[in-house]
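K.L.:
no FASTA, just this:
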């Protein structure tokens, strides 16, 4: 039925099955859209955030998707700047995934601010001292760059490409892609870092506060590292899922292993830095603020207990690092998937503790722990955003030639 | 590296001194603040973390078992820090620190990102989760000197800045550009029936506050965070000082010496 | 795709551009001030400043616009001020007769439209500008005090703020910059 | 011809053209600006200031009223108020919300439909007054004047005097005050022979023993006590000792808190007396020259109140009793203070006598820093009532509440018996009930009995300004002005140590069609005519106030405050008013007060302070102070429920304004559930945790509550706040929590009939949770 749109040389599932899947996603999105409507119409009381938890699941999602969207800029960096040509086989997917992540982030921000009609104040009345201003500027410009990067991929659609102008345009765009990649890398470095900086500068929140270099706290650099360490993992994970779901081979193993190796190495490096950082924080920064490590965690197994630290750095840190760095492990398809998944989860936990746990820790000696759990509206809109991501990937996979190797791998 | 706000005060620097030993926790200050500043009320205000309160009274206990238990009350508004993290982080410049020491909050500028709330360890900043509501008919009693806030913005204690504006207008008509002690005080300080709250210009050597802040029993909340609050507390009870601050022993020693 | 289509040129693009450009400027800039975004209103009473300050009437500005004892600015006078003279008609003008019938007799306040109305979140101190900065009224209010007929009141229907004659924050800041006056948020906001 | 390509070009061109026009930028700005008018704003205008007095509940606060174009926007404490000296209480500060609020009654109303359902129709004032007047006239003419009852909830000042006078002249003995502290005036009458004001000179005392009085939470007059606290802490460093089962805010501010078993205060007082007498620490001069019955008292105390025995009763350690007694006796101006809670949780006569005996032992009566007694203008102003035949006959008819009858000869009001007697038809039927500033359907124990009683009375007239519980059960509502709209007298509040008189003028035009209740009584009296009219000859309440002011003028005592005074009780007052007119003029701003008032001497049969009351002896009642336990143990109810009061909860005729509900701690109310306080030990014993839902059971009923674990609560005791659980008012108040009055146990003191609900046997039963809890 939609055969005319499907890229030549590849096979796609029956349109009815695809339609069913799309409708399923649309149903989820509809549910989320209702939640979004409620939030915009009735204001933020629809969430379970409160005066202690100004940041909730949305900001966690926001930071997570931006970190995980780091795959786009880093793969682009490897491909266009460092010239690792092999990665051209996966760069389209990485770019699409990145674009989805950043689009989601902007959507979430539109939900999360109390007065969306005034959202532009952040640009017009920008406070240059605020890390959030830096984030807003960089994310927005980087999103534009990502759109430009995505554009040629979209224009490669078989029907669009028939247009001579479009064809030439996308071809030319491809030629200059390294320029955009370079700009993108620069912008990404800054906002990934600034997101970390947002929390690192909070000398009033000892849990997040870090000293650092010039105007940047260490979290600035750690966040960049963690984004690089997890973004490609998400790209790999999506590739793996696509291969499993469609039952087709999309990328040659050497490409995947190469990316996994790079990711693994960076993850190891990140973990080393993160361990040093955590040690310094626990032994120097906290005492200076009159706090102890114990005060920063709600016991061992409380909602904000020490288990979070072990989960983040141990289960979802060291384990994926070992899997990805060890050739024997990463060559196993399933272990590789687990490694990538754990890597992503570790980063999500990291972002979660920085956004939510930072706020949960009592600041006053006499104050109590307060626990936050999202309302259904927050869950629904969050799930909606993930569903939109799935929708975009499904459409992109079906109608765009994302994987140049696909025809030859599936004769 | 510290993110220090380079704050320079002018000839006026307003501070508040709260004597915890005198505070009976009656709440007159809270009500006076609410009436003065047009705080909204909802029918169910029992979820305190969703309430719009500029001034709250914390009840702290010495943690000892019955019958040795003691309690004390700590009224807490905005600290108007000299190193205000909230001002530093606000992306839309909706808040600043002026030369008389007041940290402002401009409601029509704020777009509700709540970063300032995350930055404030005192929980002085509150968010308008709802459109503000006033019991039917009581809108007639709204104070025109203070604008009401719309949903989705952050608000906080302003040290009753409109009272400063009012006092200043009167003084300017008389050709003065400075205020006398007591011409500008906050609604809470004025209402306090036990006189626990004192407010004034700490740079005026004759003001009451300039003497009170020198008390060996004076301290500020969370001093270790380096925020340099403009609200001082006084208590002669050691346990109160210890509970109210991330207390450090050097200070305890200093007091015991005196 | 036909050859014709390919050769289409830029005509449609330019047409779209010019049309949108014109629509945008005509309806959304406040120069023309046309509906639906903008509205124009006449003052409820055609007050003649010149007449009142002329020699035969002899009012001075301060009779109606003055500082109260607490330093606040009186603004536009209330009906009680008008009644001091206009309890009975003072002249032949039909405007005046209408004014007396509509407002003085029922004792209804005149809903003046304030050209320089500031938002409720703004605090403007007349005394600071007049007594301390020694500014003249005309610097902000222009020739309003010398008009024979009140100008048309132009306002936006969305934001409900007057246009043209009102001062916006950028202008406040420019002037404060020029005179090195304080420009903290709480200098002007409340 | 429009091609697809052309169309696309057109769209793109349009989009770019739009970007070069003001449209997007302008609309972004306009949309942001439109958010500014989403909220209501107060209009600007000319500011003016006025003076007024707030006398809601136990408040007596001088106010500075801020107005914008005549619209009241703020109430602030007046520095010209010698009592509060610029401070303000939460209730006064938020009373503006009551003034403007939705529960004000906007005009005269007549009931339609069933009583209690709250259905009313508007009625003209003239016909409402005619209806009331003709009914009263008819009853009087048919010899049923005694079937008219007046309930007065203010209980002080000129307004109460007026109602009382109306009752006398009209011919009914049934003037009832609620809530009323019967024990204090009675004890003073018996021990000192004084009928008038009792004041505690707290500010000059150097040692204060408080027997359960929540001194800084509404006892006496809230702002006065707060100001006193400041004075005590800044000046002589007075020691305050609080005996209370619960660590209340007062206990927290006291220098020492000693938890005492609920209801055993009398035993403790006598135990302290034991130590003082045994060791001869008492004021010998006073005891020998000015007291009567000391020996009997001494024998009784020494025999029955040994510290060991008192420790058993009260739970306060022997050593503490000895130490406190020594400290008390050593102090120069020690004072023992009574009156549980805000003073409106009744104590029995013998308890007050026991505590007051401590003051007598130290001779600290009628002197600075002690307990003083004097006459107030509201007692002395009233001229003799000319009684006609009907009125004279009425004096011989017994009161419907049994007060002053052979069974209860001592007391003047027994509000709880009133409701019971009517609902059980014990005496004669009541035809008309007039209620002024009282809400008996809410704040009497077991209000359902009062509801039943009101249903039996054919004409219930309520002068309430608010649609409260009692209004719902009324037939006719004649709403009074709010205090900001009315002429009001300011007379000496309870426990103040010097008399005051002031006039609170209206500072606002009436918002609604309301009328001053004083004016109504005067008008009705004129309508009835005859002796009633001549007994109440004042045209309106303002004229009456002018007359009172003139009488104050004639005393040539005291002074009118013109400048703030820091220690008003110490000044030497000299009249600063030249003529009645000048006085009236000055009373518009400041009040008259007389710190040099003449104290009333002992006017007992013996002319001395009577430890042993002759009058009680004559009535064949126990004549010495004693401890009578209020409650025996119940196996089914192992816990003891005590009501406690909070300054943040207004708990009588006036209910909480929304701001006070907002300021309530989260440990008092959560959504619509009230918290009861228990000690963690008690909680462990019961197997409940913080915030758990439990069934609070007493012999009189049960209620669903939550528990709050509080280290400052005596184990085995359950504390419940009074003043919540309204069935009327608006959604800010209605249905929040439970009304503790519904379930408390009422106990009568055998000798006097005074009822108290200080202790109630209770039990807590855990409720199994259903479904999910809402988060904190």
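P.N.:
Thanks, I have the structure now. As the structure is a prediction and not an experimental result, all values here were calculated from the model.
K.L.:
Touching the helix or strand containing residue C:16 from outside, list them.
P.N.:
Element membership of residue C:16, judged by DSSP states H and E, is helix C:11-28. By C-beta atoms under 8 Å, 6 or more residues apart in numbering or on different chains, the list of residues contacting helix C:11-28 from outside reads C:31-32, C:34, C:36-37, D:2, D:5-18, D:20-23, D:26-27. (C-beta placed from N, C-alpha, C; glycine too.)
K.L.:
In terms of helices and strands, where is residue 97?
P.N.:
Here I'm looking at chain A. Since the elements are taken from DSSP H and E, residue A:97 ends up inside helix A:88-112.
K.L.:
meant chain C, my bad for not saying
P.N.:
Residue C:97 is part of helix C:94-99 when elements are defined by DSSP H and E.
K.L.:
For whichever helix or strand comes after that helix, name the packing helices and strands.
P.N.:
Sequence order places helix C:126-127 as the next helix or strand after helix C:94-99, per DSSP H and E. Contacts defined by 3 or more C-beta pairs under 8 Å, 6 or more residues apart in numbering or on different chains; DSSP states H and E place helix C:126-127 against helix B:161-173.
K.L.:
Please name every helix or strand in contact with the helix it packs on.
P.N.:
helix C:126-127.
K.L.:
Now do the helix it packs on: everything it contacts.
P.N.:
B:169, B:172-173, C:67, C:71-73.
K.L.:
Let's see that with 10 Å instead.
P.N.:
Outside helix C:126-127, the residues within contact range by C-beta atoms under 10 Å, 6 or more residues apart in numbering or on different chains are B:168-174, C:65-68, C:70-75, C:133, C:135, C:137, C:140.
K.L.:
Which of those are buried? Put it as a PyMOL command.
P.N.:
The following PyMOL selection, which keeps only the buried ones among the contacts of helix C:126-127, applies the criterion 16 or more other C-beta atoms under 10 Å in any protein chain shown:
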select buried, (chain B and resi 168+169+170+171+172+173) or (chain C and resi 65+67+68+71+72+73+75+140)
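K.L.:
Just the element for residue A:286, please.
P.N.:
helix A:286-288.
K.L.:
can you pull the buried residues of that helix?
P.N.:
Within helix A:286-288, the residues scored as buried using 16+ other C-beta under 10 Å are residue A:286.
K.L.:
Tell me which other helices or strands that helix touches.
P.N.:
Contacts defined by 3 or more C-beta pairs under 10 Å, 6 or more residues apart in numbering or on different chains; DSSP states H and E place helix A:286-288 against helix A:293-296.
K.L.:
which parts of the helix or strand where residue A:184 lies are buried?
P.N.:
Secondary structure assigned from DSSP H and E places residue A:184 in helix A:177-200. Using 16+ other C-beta under 10 Å as the burial criterion, the residues of helix A:177-200 that qualify are A:177, A:180-181, A:183-185, A:187-200.
K.L.:
Can you confirm whether the helix or strand that that helix is followed by lies near chain B?
P.N.:
For helix A:177-200, the following helix or strand on the C-terminal side (DSSP H and E) is strand A:212-213. Yes: between strand A:212-213 and chain B, judged by C-beta under 10 Å from any C-beta of the partner chain, the touching residues are A:212-213.
K.L.:
Which other helices and strands does strand A:212-213 contact?
P.N.:
The elements that strand A:212-213 packs onto, with contact taken as 3+ C-beta pairs under 10 Å, 6+ apart, are helix A:177-200, helix A:218-246.
K.L.:
where are the low-confidence patches of the stretch 101-250 of chain B?
P.N.:
The stretch 101-250 of chain B contains residues with pLDDT under 70 at B:248-250.
K.L.:
which ones are touching the residue most central in space within chain C?
P.N.:
Geometric centre of chain C, nearest residue: residue C:115, 1.4 Å, by C-alpha atoms, centre = their mean. Contacts here follow C-beta under 10 Å, 6+ apart; on that basis residue C:115 touches C:43, C:141-142, C:144, C:150-155, C:162-166.
K.L.:
In strands, which of the residues you listed appear?
P.N.:
C:153-155 (DSSP state E).
K.L.:
Chain B contacts on the stretch 251-400 of chain A?
P.N.:
Looking at chain B, the residues of the stretch 251-400 of chain A close enough under C-beta under 10 Å from any C-beta are A:287-291, A:295, A:355, A:358-359, A:361-367, A:370, A:372.
K.L.:
filter those to the buried ones?
P.N.:
Applying 16+ other C-beta under 10 Å to these, the neighbour count classes A:289-291, A:295, A:355, A:358-359, A:361-365, A:370, A:372 as buried.
K.L.:
Show me which pair in those residues is furthest apart.
P.N.:
Put simply, by C-beta to C-beta the two of those set farthest apart are A:290 and A:372, 24.5 Å from each other.
K.L.:
if we can go back for a sec, restrict the contacts of helix C:11-28 to those near chain A?
P.N.:
Filtered for proximity to chain A (C-beta under 10 Å from any C-beta), those shrink to residue D:5.
K.L.:
Restricted to buried residues, select the contacts of helix C:11-28 in PyMOL.
P.N.:
Below is the selection syntax for PyMOL that covers the buried ones among those, with 16+ other C-beta under 10 Å defining burial:
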select buried, (chain C and resi 37) or (chain D and resi 5+6+9+10+13+14+17+18+21+22+23+26)
